[in-house]
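Novice: build me a model from this:
(4 chains)
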Protein chains: 4
Amino acid sequence: MPPVASPVRIQATDAADQPDRTPQLEDLYRNFERQLLVPLWTEIGDLMPPQPTSKALPHLWRWQDLLPAARQAGQLVPVGRGGERRAIALANPGLGGRPFATPTLWAAIQYLNPQEDAPVHRHTQNAFRFVVEGEGVWTVVNGDPVAMRRGDFLPQAGWNWHGHHNRSDTAMAWIDGLDIPFQHYTEATFFEFGPDEVESREAPERSRSERLWAHPGLRPLTHLKPAPATPLLAYRWEYTDHALSEQLALEAEGEPVTVEPGHAAVRYTNPTTGDDIMPTLRTEFHRLAPHTETAARKEVGSSVFQVFDGSAEVTVGDTTWTVERGDLFVVPSWQPLRLASEEGLDLFRFSDSPVFERLHLDRNHQEGTHA
Amino acid sequence: MPPVASPVRIQATDAADQPDRTPQLEDLYRNFERQLLVPLWTEIGDLMPPQPTSKALPHLWRWQDLLPAARQAGQLVPVGRGGERRAIALANPGLGGRPFATPTLWAAIQYLNPQEDAPVHRHTQNAFRFVVEGEGVWTVVNGDPVAMRRGDFLPQAGWNWHGHHNRSDTAMAWIDGLDIPFQHYTEATFFEFGPDEVESREAPERSRSERLWAHPGLRPLTHLKPAPATPLLAYRWEYTDHALSEQLALEAEGEPVTVEPGHAAVRYTNPTTGDDIMPTLRTEFHRLAPHTETAARKEVGSSVFQVFDGSAEVTVGDTTWTVERGDLFVVPSWQPLRLASEEGLDLFRFSDSPVFERLHLDRNHQEGTHA
Amino acid sequence: MPPVASPVRIQATDAADQPDRTPQLEDLYRNFERQLLVPLWTEIGDLMPPQPTSKALPHLWRWQDLLPAARQAGQLVPVGRGGERRAIALANPGLGGRPFATPTLWAAIQYLNPQEDAPVHRHTQNAFRFVVEGEGVWTVVNGDPVAMRRGDFLPQAGWNWHGHHNRSDTAMAWIDGLDIPFQHYTEATFFEFGPDEVESREAPERSRSERLWAHPGLRPLTHLKPAPATPLLAYRWEYTDHALSEQLALEAEGEPVTVEPGHAAVRYTNPTTGDDIMPTLRTEFHRLAPHTETAARKEVGSSVFQVFDGSAEVTVGDTTWTVERGDLFVVPSWQPLRLASEEGLDLFRFSDSPVFERLHLDRNHQEGTHA
Amino acid sequence: MPPVASPVRIQATDAADQPDRTPQLEDLYRNFERQLLVPLWTEIGDLMPPQPTSKALPHLWRWQDLLPAARQAGQLVPVGRGGERRAIALANPGLGGRPFATPTLWAAIQYLNPQEDAPVHRHTQNAFRFVVEGEGVWTVVNGDPVAMRRGDFLPQAGWNWHGHHNRSDTAMAWIDGLDIPFQHYTEATFFEFGPDEVESREAPERSRSERLWAHPGLRPLTHLKPAPATPLLAYRWEYTDHALSEQLALEAEGEPVTVEPGHAAVRYTNPTTGDDIMPTLRTEFHRLAPHTETAARKEVGSSVFQVFDGSAEVTVGDTTWTVERGDLFVVPSWQPLRLASEEGLDLFRFSDSPVFERLHLDRNHQEGTHA
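Specialist: This next block holds a predicted model:
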């Protein structure tokens, strides 16, 4: 018997599909409440809808608003042990004020002043950084300094020590993506503090990780076991850009290598398995050639997108925005997304899709198909 | 810009690790709120604790209270289309009155009056039934009637049509376990109505599924692909009982086949893969010989237990109960569980462990070890 | 330069597709021979045929001939250290007198006199025993005595210690199947001697392995890792027989659970994976109802069959035999097999199919289909 | 009963472990021969040795001998339909004159005259080309022309259409590696003729395959399924060279990324799985820094090596050679290999290791360890 008042409240109503509203029923419901019991028949509409009805809402955050807010935080909020990071998270308007872009995904802008350090820690949350502008910061992962530059994607699998170090005289901002809400909800998170300063102040062009792993199809003989997350700590823009250009060029030569006409896309993968870079997070880069319109697609699970370059009209369910460089938007579960670009568009995406695929809960649908 | 008031509320405080509480900071926080932004530094304590701190609480529901409540519902609440099932769910006192035994697991007592039907539907939620007493109901799965009897475990993987049919003149109650809270939170659920009555009123001793699959190590040549969930629709008590007795007998002969002295246990598995019966749910049966005490163990993820027979003293974290036949209790994530039985104990368990294992988020710890 | 004469001999011929037979060509070929070189163009017909052209031939060995030969060996040939087993292997007439039923498979009749032991050893070769008649012998595997009786299938994965012990006053014969030719050709075999006598002279009804593992869909909590080979050391006839009867009964009720009308079949599987019992060997049991005729099927890889009961007309390629209890026959790679039984047929089969499936070299074809 | 004389011949001997040489035994053996039966006890020494005793012998073929022989064949032997390729295979002196470098591996020098075509065909055999010198040929795979240049590794998975086309005015030679002996022995081979001339005479710098796949860690969204063999048709020397240089540079910085001091190595992998490039073949590139000596290592399965640059003293079992550019040598199963280089060595290797790993028959041993 709980010592405090039971949080359960059950309403007898005259709604269809509900039992007759009698004093006996009221008694039964009060008994349920005392015993911490809830009937399925009053809750089924919320719990078991015909299809996912996301609490999260489609929403857009504009880079021109985000960056000044982060800059202001740079002036007022120090970075150090305890707060750990000057990161400001997107709070989906449907999720009650929590710092959750979607029920499963965290997306934040992080800001580091010139010569500033973010202290070393590790956590079970899977993370990555994506750089839409600037450079000068090195992420130091298990002692390996990794340069961050525009267009780079930097995965950061759970339980690796990491800190950030701004080597330059210019502040830098970037996007952090994590599975914080998922691990928070499922109660899986561990966290440990490391040193207050990064282990290495070196600033190499290429990290040791890249020197070991960034060779297409080649694997060091000392690292032959499949790793659950990618050992490659930076996916450089030059490679991503080149892969996308080649897809569009091949398409022009008649090869069926694009998602649809004018729509090139790559997935960032773990070279030890060919699978997603981390067990809970999928990351992709999409390029629309000028004058391209995509089909409307929906899938189980949620996504966050950031515009890297160009512009587009984005439609999520009933909402349409015009987006440009740096803008971030959220696509909730089972909401259709359609993109249309006149100028052309470079678009970074991350999602929780691996969670659903690994649990056999994935579904997707493309407008006009029966799949 | 959201049309209604932003749900975000940020508090500037004098707490350690927090920036100085200045008017500028207040302005910054108001700006954040307007923009639907939340800083990490005010939330990190909740979001990134050193180890999982479950919102769910250890709790016990007694069968002697549950069964009368269900019986009363049997008198007042009809079963039919819309409400679908006369199921009454355990509402963990830490989870705000929602019908969630843990953040991921649903556990309910379901009650069917004599000759009553529960209508046919299907849903993506993975489900099972476990029978602690009684018989007379057949679950009809895709047209295959499956008898339910004391000790039987009946898995019900997502997206299979199923209804229940009480053939007998006695009411019957049993336990339903599902991943409703997990799929609700992650927004993955689909649901469809089927016929109002079950497709078959036959009442065979053994379902077609068992006749095809319940042969140890033998697989029909027509069914050779690995299935994501078990095709075997009933795991009969006689087999479970026998397997546990043999483990204890083998232990007595000196074989290292028990979890620890006096503690036999089996996992229900998918014969097409040897893995858990469903992608999100683990189910096990444990038997303690008389005068057995287990080590304290904790793991990431939550469990629900039901006592099948015997009695024990159960300790979860700081809470201790004496449990007996039919009692249900919840072990939240990373809370240590210890069992001690004088009389001997038969105990059914289900958990969300496959979610964590498949996402490489699993951890466990046994008192007195370094693992 | 090899010290002895080169084994290479190359023929210049006037055949089509061959270069002009000139003195210069003869010089070139002699030069090749000295250098241990062989041209593709003289060998391609043998090496790269349009489809597998097996050196192995379809062949039948009759039990009424085999058993007396084994009995005679029982009188003349002792069993002991060095020779290890009184096993007499089928030598396919196409394979040059080697004791190979097919290029990859060994099949032998083994014979043990009353009260006789076959000494303990272990080897990397995967093995099994299948019992067409008799009983009284226990195979002792890593100290676990496993009874052998008519209809039982007893897998014996590589590198486990094992010996045999005839407890009875009657001689017993059974069939051994191994991957000896495959491991011999690929040069993978290791072998070690163990004790001259079996470790245990106990004669339990059920082995410890069965008591731990022969429970459908139930797995001991102490043994949760996938094992490369089955831990279940005996697949008893009563289960196999029952599974096959149920398939035919279900077929009669309209369920699509048979390979084709009147043809029931099970595969023996590893309960830890649902896969074949051993990495190189597939084993199955087929039952034809009376008056059943199968389609003609062929596949890459070879098989050995033993009639367990009943009789049939067997056609392999151009060869047809009438077979009865105990008869063994070989189906080479890509030779079509068709069975027709008036009386009904129970048929044990083993093959090398897992080798091809794991290396993506498997193909199969059924008469009248396009697959 | 076979129509011709039985190929079986069994010898009664006075050897230890053999039954007494009596007239009855001779009768038994004659009976066995007539019935196509062979006893285990006369054959066990050959079939079940304590460890693999390879029939294949260590052997060296010198490039300075091979290339002139191929050149001479270029003058005398046309390339065309039927003979298919001007390929000259290494015939291991232990394998009876067959064109088998080892029991499982084919290695040949292929030679194409200026402007010459090798016709299009496909086969189930997995193949690759490795170029030790020269350029000017394009391999056309399913219509995609792939340039061949010094240092390039070009995989060619089974059942893809392919031909070769020499665009240049210079002859070119390279090495072909295939699993012909393995598929020949196991009788798995299919073969089909294609057009007499290659489908495309284009000569692009980079194949379409490379443009789609040679981007580290990036995967086209249109190609997300794991493929059994690599879709990347060329692994260019510049990447291999760079990966090896970086390993040695990292080693000099104190990172544990080399096999042993001074010994860098990469494995060519399938980017869709991180696994070997083809199901039956492993390919690697090794670099020894000057003054490096390796440990002696042996493994189950056989290898062929080709020196790409530098020189070394190679010891295989009891045999030692000094090797230089282009030289090919064979290491049979379970024979220890040791390399010592003063000048430094670049070394290409291929082996049948995936066969053994996928069948759980792999073992290896390094001198001075217990593994």
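
Novice: stretch A:115-132 near chain D at all?
Specialist: No: judged by CB under 8 Å from any CB of the partner chain, stretch A:115-132 and chain D are separated, with a smallest distance of 12.6 Å. In short, each C-beta sits where N, CA and C put it, glycine included.

Novice: from one end of that stretch to the other, what's the distance?
Specialist: Distance across stretch A:115-132, first residue to last, is 20 Å (CA to CA, to the nearest Å).

Novice: over to stretch A:261-275?
Specialist: Start-to-end span of stretch A:261-275 (CA to CA) is 25 Å.

Novice: quick check, residue A:215 in a helix?
Specialist: No: checked against DSSP: H, G, I helix; E, B strand; the rest coil, residue A:215 lies outside a helix; its state is coil.

Novice: quick one, helices of the stretch 251-371 of chain A?
Specialist: If DSSP state H, counting those that start in this stretch is used as the criterion, the helices of the stretch 251-371 of chain A fall at A:353-358.

Novice: just the closest residue of it to chain B, please.
Specialist: Taking CB to the nearest CB, chain B has its nearest neighbour within the stretch 251-371 of chain A at residue A:333, 3.8 Å off.

Novice: so who does that residue touch?
Specialist: A:52, A:54, A:56, A:102, A:103, A:299, A:300, A:301, A:302, B:186, B:187, B:188 (CB atoms under 8 Å, 6 or more residues apart in numbering or on different chains).

Novice: which one (most neighbours) among those?
Specialist: residue A:102 (30 neighbours; other CB atoms under 10 Å in any protein chain shown).

Novice: residues in contact with that residue?
Specialist: By CB under 8 Å, 6+ apart, residue A:102 lies in contact with A:54, A:56, A:92, A:95, A:181, A:302, A:303, A:304, A:330, A:332, A:333, A:352.

Novice: ranges for the strands of the stretch 1-150 of chain A?
Specialist: A:37-39, A:59-61, A:87-90, A:106-112, A:117-123, A:127-130, A:135-141, A:144-149 (DSSP state E, counting those that start in this stretch).

Novice: could those be laid out in JSON lines, adding mean pLDDT and mean neighbour count?
Specialist: Below are the strands of the stretch 1-150 of chain A laid out as JSON lines (pLDDT from 0 to 100; neighbours: other CB atoms under 10 Å in any protein chain shown):
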{"stretch": "strand A:37-39", "mean pLDDT": "97", "mean neighbour count": "25"}
{"stretch": "strand A:59-61", "mean pLDDT": "98", "mean neighbour count": "21"}
{"stretch": "strand A:87-90", "mean pLDDT": "98", "mean neighbour count": "27"}
{"stretch": "strand A:106-112", "mean pLDDT": "98", "mean neighbour count": "25"}
{"stretch": "strand A:117-123", "mean pLDDT": "97", "mean neighbour count": "22"}
{"stretch": "strand A:127-130", "mean pLDDT": "98", "mean neighbour count": "22"}
{"stretch": "strand A:135-141", "mean pLDDT": "97", "mean neighbour count": "23"}
{"stretch": "strand A:144-149", "mean pLDDT": "98", "mean neighbour count": "22"}
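
Novice: same list, those strands, but as JSON lines with distance to residue B:134 please.
Specialist: As requested, those are exported to JSON lines (distance: least, CB to CB, whole Å):
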{"stretch": "strand A:37-39", "distance to residue B:134": "20"}
{"stretch": "strand A:59-61", "distance to residue B:134": "50"}
{"stretch": "strand A:87-90", "distance to residue B:134": "51"}
{"stretch": "strand A:106-112", "distance to residue B:134": "47"}
{"stretch": "strand A:117-123", "distance to residue B:134": "47"}
{"stretch": "strand A:127-130", "distance to residue B:134": "50"}
{"stretch": "strand A:135-141", "distance to residue B:134": "57"}
{"stretch": "strand A:144-149", "distance to residue B:134": "62"}
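
Novice: chain C: which of those is closest?
Specialist: Of those, nearest to chain C by CB to the nearest CB is strand A:117-123, at 27.6 Å.

Novice: in chain A, which residue sits nearest chain C?
Specialist: residue A:226 (14.5 Å).

Novice: before we move on, the earlier item: what is the nearest of the contacts of residue A:102 to residue D:11?
Specialist: residue A:352 (70.1 Å; CB to CB).

Novice: can you count the residues close to that closest one?
Specialist: Residue A:352 has 25 nearby residues by other CB under 10 Å.

Novice: and the gap between it and chain D?
Specialist: 17 Å (CB to the nearest CB, to the nearest Å).

Novice: just read off the phi/psi values of that residue.
Specialist: phi -100, psi 20 (degrees, to the nearest 10).

Novice: coming back round to it: could you identify the most distant pair in the contacts of residue A:102?
Specialist: Pairwise over the contacts of residue A:102, using CB to CB, the maximum falls at A:95 and A:303, 15.2 Å.

Novice: comparing those two, which residue is more hemmed in?
Specialist: residue A:303 (23 against 20).

Novice: can you redo the contacts of residue A:333 as JSON lines with pLDDT and distance to residue D:153?
Specialist: Formatted as JSON lines, the contacts of residue A:333 follow (pLDDT from 0 to 100; distance: CB to CB, whole Å):
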{"residue": "A:52", "pLDDT": "97", "distance to residue D:153": "47"}
{"residue": "A:54", "pLDDT": "94", "distance to residue D:153": "48"}
{"residue": "A:56", "pLDDT": "97", "distance to residue D:153": "48"}
{"residue": "A:102", "pLDDT": "98", "distance to residue D:153": "43"}
{"residue": "A:103", "pLDDT": "98", "distance to residue D:153": "46"}
{"residue": "A:299", "pLDDT": "98", "distance to residue D:153": "38"}
{"residue": "A:300", "pLDDT": "98", "distance to residue D:153": "41"}
{"residue": "A:301", "pLDDT": "98", "distance to residue D:153": "39"}
{"residue": "A:302", "pLDDT": "98", "distance to residue D:153": "42"}
{"residue": "B:186", "pLDDT": "98", "distance to residue D:153": "44"}
{"residue": "B:187", "pLDDT": "98", "distance to residue D:153": "46"}
{"residue": "B:188", "pLDDT": "98", "distance to residue D:153": "44"}
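
Novice: closest one of the residues you listed to residue D:194?
Specialist: For the contacts of residue A:333, the nearest to residue D:194 is residue A:299 (40.4 Å; CB to CB).

Novice: ok, the closest residue to the closest one other than its chain neighbours - contacts?
Specialist: Spatial nearest neighbour of residue A:299, chain neighbours left out: residue A:364 (3.7 Å); criterion: CB to CB, 6 or more residues apart in numbering or on different chains. By CB under 8 Å, 6+ apart, the contact set of residue A:364 is A:297, A:298, A:299, A:300, A:371.
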